[in-house]
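Q: just to be clear, the model below is a prediction. Sequence and coordinates:
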Amino acid sequence: QVQLVESGGGLVQAGGSLRLSCAASGTITRINAMNWYRQAPGKQRELVATLSSGGSTNYADSVKGRFTISRDRDKNTVYLQMNSLKLEDTAVYYCNIDGAFFQNLRTRNFNAWGQGTLVTVSS
């Protein structure tokens, strides 16, 4: 079983920066994609950033040029560096990883979510 543990959320003033981390546990053999989503109060969850297995990235228009998704392959960890934060970036941020892991002599596919971390941007 693969579990994701997020960290790095908190309170920051507008214009500031935060870095979110999401560490995956388990014997992971393949990662297809690593994603960050967010959900603001009263709104639907939205995809913020994607990092493919080949290294390509995609971002929501609202965060382009301000957020950067990256990974540490050795640690099975994905990061979201958030700069020039705006009030509208306030949300619970969730990481999501799709891949495969080894357990009980078998390779199994997984799609796991982090527990969510709150980012609050104040004026």
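A: Yes, it's here. Just so it is clear, the structure is predicted and the values come from calculations on it, not from any experiment.
Q: residue most distant from the centroid, the protein?
A: Going by C-alpha atoms, centre = their mean, the residue of the chain most distant from its centre is residue 105, 29.0 Å out.
Q: residue 27 versus that one, what's the distance?
A: 11 Å (C-beta to C-beta, to the nearest Å). Bear in mind the C-beta positions are built from the backbone N, C-alpha and C, glycine included.
Q: hmm, residue 79 is touching residue 7, no?
A: No: the pair residue 79 / residue 7 is not scored as a contact, 10.3 Å apart, by C-beta atoms under 8 Å.
Q: which of the two has more neighbours?
A: Using other C-beta atoms under 10 Å, the more surrounded residue of residue 79 and residue 7 is residue 79, with 20 against 14.
Q: residue 43 versus that one, what's the distance?
A: From residue 79 to residue 43 the distance is 24 Å (C-beta to C-beta).
Q: and for residue 49?
A: According to C-beta to C-beta, residue 49 and residue 43 sit 17 Å apart.
Q: same question for residue 93.
A: For residue 93, the distance to residue 43 (C-beta to C-beta) stands at 13 Å.
Q: of the two, who's got more company?
A: residue 93 (23 against 9).
Q: so what pairs up with the more buried one in the strands?
A: residue 38, residue 117 (DSSP bridges).
Q: ok, which stretches of this protein are strands?
A: 3-7, 10-13, 18-25, 28-39, 46-52, 57-59, 67-72, 77-82, 91-103, 106-113, 117-122 (DSSP state E).
Q: okay, the ones you listed, which one's buried deepest?
A: strand 77-82 (a mean of 22; mean count of other C-beta atoms under 10 Å).
Q: run through the bridge partners of residue 100.
A: Beta bridges link residue 100 to residue 30, residue 109, judged by DSSP bridges.
Q: nearest residue to residue 96 in space, please, no chain neighbours.
A: Nearest residue to residue 96 in three dimensions, chain neighbours excluded: residue 35, at 4.4 Å (C-beta to C-beta, 6 or more residues apart in numbering).
Q: quick one: the one you found from residue 122, how far?
A: 26 Å.
Q: do the same with residue 23
A: For residue 23 relative to residue 122 (C-beta to C-beta), the value is 27 Å.
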